[in-house]
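# here is the input, now give the coordinates:
(chains A, B, C and D)
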2 protein chains.
Amino acid sequence: MEKIIQLHKQLIPDLTETLKKRYAILEQVMITGTIGRRNLATSLNMTERSLRSEVDFLKEQDLLSVTSAGMSITEAGKLLVHDLEPTMKELIGLTKIERKIKQAFGMKEVIVVSGDSDTSMNTMQQLGRAGANILKKYAANLDVIAVAGGSTMAEVSSRLSVSTQLKGCLFVPARGGLVEDVELQANSIASTMAKRTGAAYRLLHVPDHLGEEAYQTLMQDPNISDLVQVIRNARMIFHGIGEAITMAKRRKVHEGDLNQIAEKGALAEAFGYYFDKEGNVVHAVTTVGLKLEDVNSKLTIGVAGGSSKGEAITAVLRAGYSDVLITDEGAAMEIVKQCNLH
Amino acid sequence: MEKIIQLHKQLIPDLTETLKKRYAILEQVMITGTIGRRNLATSLNMTERSLRSEVDFLKEQDLLSVTSAGMSITEAGKLLVHDLEPTMKELIGLTKIERKIKQAFGMKEVIVVSGDSDTSMNTMQQLGRAGANILKKYAANLDVIAVAGGSTMAEVSSRLSVSTQLKGCLFVPARGGLVEDVELQANSIASTMAKRTGAAYRLLHVPDHLGEEAYQTLMQDPNISDLVQVIRNARMIFHGIGEAITMAKRRKVHEGDLNQIAEKGALAEAFGYYFDKEGNVVHAVTTVGLKLEDVNSKLTIGVAGGSSKGEAITAVLRAGYSDVLITDEGAAMEIVKQCNLH
DNA sequence: CGTTGTTGGACGTTTTTTGTCCCGTAATAC
DNA sequence: GTATTACGGGACAAAAAACGTCCAACAACG
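Model (predicted):
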């Protein structure tokens, strides 16, 4: 394997470029389903004509099929993309980075997709796809899966499809919270995921910013307290990672609290908790659901990408709760830089 | 491994071509030492211009260094060629053929270099190089190595260099015979090999076409009879393979004998014996030295290439004395065809 | 000191790639 | 229904790359 990489790099770097290009096209078409030439070109930022040449080639090889509605990937193409994925990663050098991060934080698995979600919608989609795959991989029958909210989680949920592994699972939101956009709330994500995979789900309609009294009152409700119990016993937690300030604002935290959070050095947010640079919890959303002490005993899978989130991801990794991370090249490079993993 | 290559070929069909071309250039330059552009071009039969582009590329990659005296390979280039040899073989599909032949005849090792010695001098040189490597590989200290004559053996001898493994060996000619060109006689080959490697040698100046009386007389000579004893106890026999008729003519066999040999269906010649299509011995040169019954107990290494020799090589393999074969793509394909190894 | 073989520059020619427009058509929205 | 949109693919000129060919400058060698 390593020999092949060496071969590519030293004897045919030019061919390697076209290899990457063609692979990217196939991958993108596979993600998108069926797409037109012009759209595809902008999404991969290639010129229309050069894309066209490549597509002609791929069509010739029976890897793409092209109808008047647009082009889509063939079975052979799918197979190829799947089989070639590890090699391509190695080729781009992502495998190395994966190993580094994995070892640095003693994690179970780290996946790095190529690109940067900050600048490329494409990468975001790949992140989603990778997240969906990982979810399938680790989920066993009858598992309870607690999911958090956020745009990345939404992306993952849209990439899920019916699968036998997930069929018997139960999706629940990790914590309460109703302030964010509906589509980004944990509740919506959980239900979408469940619906798309054919699994079951239960929702938790509880606001954040709860006072003590309100909390007590809510927990009186057997439905709610029961569900909270289920959540806290979930076997797996699936979450995004956000920048603290951005998240706080999105959750419409009061001005005063916001300053307070910032003062404490909060950098990152994950499953309702705010972390500083060293990974210490400096603040938490006051709502019901998963508690920090529950996280340790669960399989914790984080999905987040974009170089701008690199610092935040690093902070969460340092907290030491993460078992699996799915990120992108942009963020991964930032993590490597932050932690001096050279 | 093979699968990965197959996958890559789907996305870059001319991968193999380019790779072969560049690799061939490096290899040839390595063999030749330092060579000019035009020479190299004819030797690889490429056009001068396209070679030039490739050379420019290889120079860029620091695999070739080019001075006003010509170009030569860099250390990095040497390393690359060496490291990648097995991978390249796999790529071209030679490994498969090697395995097939090896298994079909129950041999120790089979090496196939790419090309066809009939049409490419280059391939002949590679054959020589491969032969030299194998000789080094199998030779142990203090071994007696019986070598036969022929142009292929001469090529091998010219590719040898001083080596610790061979330093303590003793090279001897396998059999007598003085009729051929001096440079192709076993005596010359043995001495060249010994000189180039820093080993010892002893020569056997005995004509072929010996009558019974002459034979008896010769064996009276203690020098000769002693050496014959040494030869017959050699641990290794290193020989070429020739077409029977060609060899017989070269040895200036009388017209009558020639017809007789041909009538018996002689197809191949090796270490003084003539074999028919099934590998039966149908004739032998009447001289002193190694006898057929000695061959079985020795490590027998044959070197021969060129598609025209395919049949002859097959015949010798069928005789069942061979332990190691070094040949080229042209001959190997012919062997595969002859034996229906598909 | 000439001869020979070397690289590298130059340049016209050919081939390939690329940019651009437009057309007919199938799907989609309205 | 019809209007609109988005699709692939044909066509063609422009640009670029590859190629064949020749020659000049230069170093090594006899």
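# pLDDT at residue A:315, what is it?
On pLDDT, residue A:315 comes in at 97.
# ok, it - contacts?
Each residue near residue A:315 by Cβ atoms under 8 Å, 6 or more residues apart in numbering or on different chains is listed here: A:267-268, A:275-279. (Each C-beta comes from the backbone N, C-alpha and C, glycine too.)
# helix or strand: which one has it?
helix A:310-319 (DSSP states H and E).
# chain center to that helix, what's the gap?
For helix A:310-319, the separation from the chain centroid amounts to 15 Å (computed by Cα atoms, centre = their mean, to the nearest Å).
# then stretch A:312-321?
Taking mean C-alpha positions (Cα atoms, centre = their mean), stretch A:312-321 and its chain are 15 Å apart.
# equivalent analysis for stretch A:278-297, please.
Distance, centroid of stretch A:278-297 to centroid of chain: 20 Å (Cα atoms, centre = their mean).
# which stretches of chain A form strands?
Counting by DSSP state E, residue ranges of the strands within chain A are A:34-35, A:64-67, A:70-73, A:109-113, A:144-147, A:170-173, A:200-201, A:236-240, A:242-243, A:266-270, A:273-276, A:281-284, A:299-303, A:324-328.
# so residue A:141 touches residue A:165, yeah?
Yes: Residue A:141 is within contact range of residue A:165, at 7.3 Å (criterion: Cβ atoms under 8 Å).
# who's more crowded, those two?
Taking neighbours as other Cβ atoms under 10 Å in any protein chain shown, residue A:141 and residue A:165 compare with residue A:165 leading, 16 against 10.
# for the more buried one, give me the pLDDT.
pLDDT, residue A:165: 80.
# got it, and residue A:95?
86.
# could you count how many residues lie near it?
Neighbours of residue A:95 (other Cβ under 10 Å): 18.
# leaving out chain neighbours, which residue sits closest to it?
residue A:89 (5.1 Å; Cβ to Cβ, 6 or more residues apart in numbering or on different chains).
# can you give me the end-to-end distance of stretch A:64-72?
Taking Cα to Cα, to the nearest Å, the first and last residues of stretch A:64-72 lie 6 Å apart.
# er, stretch A:316-324 I mean
12 Å.
# in it, what's buried?
A:316-319, A:321-324 (16 or more other Cβ atoms under 10 Å in any protein chain shown).
# cool, stretch A:284-294 as well?
Across stretch A:284-294, burial judged by 16+ other Cβ under 10 Å covers A:285, A:287-290, A:294.
# those residues: which ones sit near DNA strand D?
For DNA strand D, no contacts are drawn from these by Cβ under 7 Å from any atom of the strand.
# neighbours of the spatially closest residue to residue A:148 that is not a sequence neighbour, how many?
Excluding the flanking residues, the one nearest residue A:148 by Cβ to Cβ, 6+ apart is residue A:239, at 3.8 Å. Number of residues near residue A:239 (other Cβ under 10 Å) recorded here: 29.
# with residue A:53 instead?
Neighbour tally, residue A:53, other Cβ under 10 Å: 11.
# ok, residue A:73 - contacts?
So residue A:73 contacts A:26, A:29-30, A:63-65, A:81 (Cβ under 8 Å, 6+ apart).
# wait, residue A:52
residue A:37.
# now swap in residue A:16 and tell me
Contacts of residue A:16 by Cβ under 8 Å, 6+ apart are A:8-9, A:91.
# want to throw the residues you listed into JSON lines with neighbour count?
Output for those, formatted as JSON lines (neighbours: other Cβ atoms under 10 Å in any protein chain shown):
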{"residue": "A:8", "neighbour count": "21"}
{"residue": "A:9", "neighbour count": "13"}
{"residue": "A:91", "neighbour count": "19"}
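# can you pull the pLDDT of the residue nearest the centre of chain A?
Among the residues of chain A, the one closest to the centroid is residue A:303, at 3.0 Å (Cα atoms, centre = their mean). We note a pLDDT of 97 for residue A:303 in this prediction.
# for residue A:200, same thing?
pLDDT at residue A:200 comes out at 93.
# and it, what are its bridge partners?
For residue A:200, the beta-bridge partners under DSSP bridges are residue A:170.
# run a quick neighbour tally on it.
With other Cβ under 10 Å as criterion, residue A:200 counts 14.
# ok, it - contacts?
A:169-171, A:194.
# nearest to DNA strand C, of those?
Among the contacts of residue A:200, residue A:194 lies closest to DNA strand C (Cβ to the nearest atom of the strand), at 26.6 Å.
# and for whichever residue of the stretch 1-150 of chain A sits closest to DNA strand D, the neighbour number?
Nearest residue of the stretch 1-150 of chain A to DNA strand D: residue A:36, at 2.0 Å (Cβ to the nearest atom of the strand). The burial count assigned to residue A:36 is 12, neighbours taken as other Cβ under 10 Å.
# right, and it touches residue A:72 too?
No: Residue A:36 lies out of contact with residue A:72 (Cβ under 8 Å); the separation is 10.9 Å.
# give me the residue from the stretch 101-250 of chain A nearest DNA strand C.
For the stretch 101-250 of chain A, Cβ to the nearest atom of the strand, closest residue to DNA strand C: residue A:158, 17.9 Å.
# how about the contacts made by that residue?
A:128, A:192, A:196.
# I'd like the distance between it and DNA strand D.
19 Å (Cβ to the nearest atom of the strand, to the nearest Å).
# pLDDT score assigned to that residue?
At residue A:158, the model reports a pLDDT of 89.
# same thing with residue A:92?
86.
# over to residue A:42?
With respect to pLDDT, residue A:42 scores 87.
# quick one: neighbours of it, just the number.
12.
# just residue A:329 next, same as before
21.
# gap between the nearest residue to residue A:83 once chain neighbours are set aside and residue A:133?
Take residue A:83 and drop its neighbours on the chain: the residue closest to it by Cβ to Cβ, 6+ apart is residue B:7, 5.5 Å away. Between residue B:7 and residue A:133 the distance, using Cβ to Cβ, to the nearest Å, works out to 19 Å.
# same thing with residue A:1?
21 Å.
# the residue in the stretch 201-342 of chain A positioned nearest to DNA strand C: what's it in contact with?
Distance from DNA strand C to each residue of the stretch 201-342 of chain A (Cβ to the nearest atom of the strand) is smallest for residue A:329, at 24.2 Å. Contacts for residue A:329 (Cβ under 8 Å, 6+ apart) come out as A:92, A:94, A:97, A:112-116, A:123.
# what about 7 Å?
A:94, A:112, A:114-116 (Cβ atoms under 7 Å, 6 or more residues apart in numbering or on different chains).
# on that earlier part again, thinking the residue nearest to residue A:83 is in contact with residue A:84, fair?
Yes: using Cβ atoms under 7 Å, residue B:7 is in contact with residue A:84, at 5.2 Å.
# look at those two and report which has more neighbours.
Comparing residue B:7 with residue A:84 by neighbour count (other Cβ under 10 Å), the higher total belongs to residue A:84, at 21 against 15.
# pull the helix ranked longest in chain A out as CSV, backbone CA atoms only.
In chain A, with assignment by DSSP state H, the single longest helix is helix A:13-32. Taking C-alpha atoms only, helix A:13-32 is exported to CSV below (Å, rounded to 0.1, in the frame of the first residue of the first chain):
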residue,chain,number,x,y,z
PRO,A,13,2.3,13.1,-9.5
ASP,A,14,0.5,14.5,-12.6
LEU,A,15,-1.7,11.4,-12.9
THR,A,16,-2.4,11.5,-9.2
GLU,A,17,-4.0,14.9,-9.7
THR,A,18,-6.4,13.6,-12.3
LEU,A,19,-7.0,10.6,-10.1
LYS,A,20,-8.1,12.9,-7.3
LYS,A,21,-10.1,15.0,-9.7
ARG,A,22,-12.1,12.0,-11.1
TYR,A,23,-12.6,10.6,-7.7
ALA,A,24,-13.9,13.8,-6.4
ILE,A,25,-16.4,14.0,-9.2
LEU,A,26,-17.6,10.5,-8.6
GLU,A,27,-17.9,11.1,-4.9
GLN,A,28,-19.8,14.3,-5.4
VAL,A,29,-22.2,12.8,-7.8
MET,A,30,-22.8,9.9,-5.4
ILE,A,31,-23.6,12.3,-2.6
THR,A,32,-25.9,14.4,-4.6
